[in-house]
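In: dropping a prediction and its sequence here:
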Amino acid sequence: MILAYSDLNLTEKYSMDLEVKTEGSIVLLKPITKNLDASVSTDFKAKVMDLINQGNTCFLLDLSQVDFIDSSGLGAIISILKNLSLNNGNIVICEIKAPILNLFKLTRMDQIFKIYPHQKEAVDFLMPEKTPHS
């Protein structure tokens, strides 16, 4: 289900495009930008914080459109994780491109975040199917 920002009570004050969908209790976030850097990281963080403040605690960050992340972008993602941790929430990352994955490894962020190559694996982790009893 795709929700408009107004459906999620996001204000119009943000300049960064962020696709927001829900799948069950999971909020799927997909930045529609090539660069998650100082020019958009504040807006990105504010949008996600609005969603957290609405009671959402389970997030999937799809980075398939992002080619570059600077320290501001990393800081925004880390800040979101810290806030979610305080609220017993979680965020996982998927569809990450090789240069960004290398950045996560270099900064050891790959040890902090669960990273999946595809959205399906990330959704399965966040919302595991119950196995039938034999």
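Out: Right, received. Where do you want to start? All values reported here derive from a predicted model rather than from experimental measurement.

In: check which helix or strand residue 65 maps to.
Out: Assessed by DSSP states H and E, residue 65 sits outside every helix and strand.

In: how far away is it from residue 108?
Out: 24 Å (CB to CB, to the nearest Å). (C-beta placed from N, C-alpha, C; glycine too.)

In: who's more crowded, the two?
Out: Comparing residue 65 with residue 108 by other CB atoms under 10 Å, the one with more neighbours is residue 65, at 15 against 8.

In: any idea how far the more buried one is from residue 122?
Out: Distance from residue 65 to residue 122, by CB to CB: 16 Å.

In: skipping its backbone neighbours, what lies nearest residue 59 in space?
Out: Once flanking residues are discounted, residue 59 sits nearest to residue 91: 4.2 Å by CB to CB, 6 or more residues apart in numbering.

In: residue 80 now?
Out: residue 48 (5.1 Å).

In: what secondary structure does the one you found sit in?
Out: Classification of residue 48 by DSSP: H, G, I helix; E, B strand; the rest coil places it in helix.

In: for stretch 37-57, the distance to its chain's centre please.
Out: Distance, stretch centre to chain centre, for stretch 37-57: 9 Å (CA atoms, centre = their mean, to the nearest Å).

In: tell me the buried residues in that stretch?
Out: Within stretch 37-57, the residues that count as buried by 16 or more other CB atoms under 10 Å are 37, 40-41, 43-45, 47-48, 50-52, 56-57.

In: which residue ranges form the strands in this structure?
Out: 18-23, 26-31, 35-36, 58-62, 68-69, 90-94, 114-116 (DSSP state E).

In: point out where this protein drops to low pLDDT.
Out: Residue ranges of the chain with pLDDT under 70: 1-15, 129-134.

In: once you drop chain neighbours, what's closest to residue 24?
Out: Excluding its sequence neighbours, the residue lying closest to residue 24 (CB to CB, 6+ apart) is residue 127, at 5.5 Å.
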